[in-house]
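> need a structure here:
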Amino acid sequence: MSRWEELTGGTSGQDYAARFAALARSGKDVHGEARFCAAIVPAGARVLDAGCGTGRVMIRLAELGYDCVGVDLDASMLAVAQEQAPDLPWFRVDLAKFEPELLGIAADFDLVVAAGNVFPLLAAGTAAVVVKRLAAALRPGGLMVAGFGLAETHLPVPPSITLGEYDDCCLAAGLTLADRFATWDADPYDGGGYAVSVHRR
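Numbers count the residues shown, from 1 in each chain. Model (predicted):
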């Protein structure tokens, strides 16, 4: 069982969506991840939203002209995504078992994005295989972007993966570090408790 399932019971989709809807109504920018992605790959690029949740990032990218696919294990989150954007492709998949060809999807994505603390909330011991499977879905030269908390102030659970461990997983999967930031607004990384990492295949 993933740490996310342990935390939420797999029933938090509506509550999660409502929280971001309230933030948007209050004037908060809820599209930082999509804007970051749009700055590093051109419109029309194929994007895999790994751990897409309620689809907030992917729906915005689709609006900006990207060819998107969303995968997540939480049925309650996917139900919200499908309700909000029924014409987009959403798949219920455990990232540790993700095989694009089994879903009828070409493994030639220009970008894989894992936002929303995907890696710290995986099942224990699965980070390396998840990175390997996501890397395999990239075309040569494609990018993988992951933003996640490294300290308890940025996580709903105690930290479970360090940047060094994540980089090691990426290296083993044939990815090299291209850039790293402190936020989705591309602020320089300063060793703080949150990092957005860009790796290239």
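
> Let's verify the closest residue to Ser160 other than its chain neighbours: helix, strand, or coil?
Nearest residue to Ser160, sequence neighbours excluded (C-beta to C-beta, 6 or more residues apart in numbering): Pro120, at 5.0 Å. Bear in mind the C-beta positions are built from the backbone N, C-alpha and C, glycine included. Per DSSP: H, G, I helix; E, B strand; the rest coil, the local secondary structure of Pro120 is helix.

> surely Pro120 meets Gly149?
Yes. Using C-beta atoms under 8 Å, Pro120 is in contact with Gly149, at 6.1 Å.

> list residues touching both of those two?
Common contact partners of Pro120 and Gly149 (C-beta atoms under 8 Å, 6 or more residues apart in numbering): Leu155, Pro159.

> picking that back up, since we're on the residue nearest to Ser160, how many residues are nearby?
Neighbour count for Pro120, taken as other C-beta atoms under 10 Å: 20.

> and Pro158, that's in a strand?
No. Under three-state DSSP, Pro158 sits outside any strand and is assigned coil.

> how about the helices in the protein?
3-8, 13-25, 32-40, 56-63, 75-84, 127-136, 163-172 (DSSP state H).
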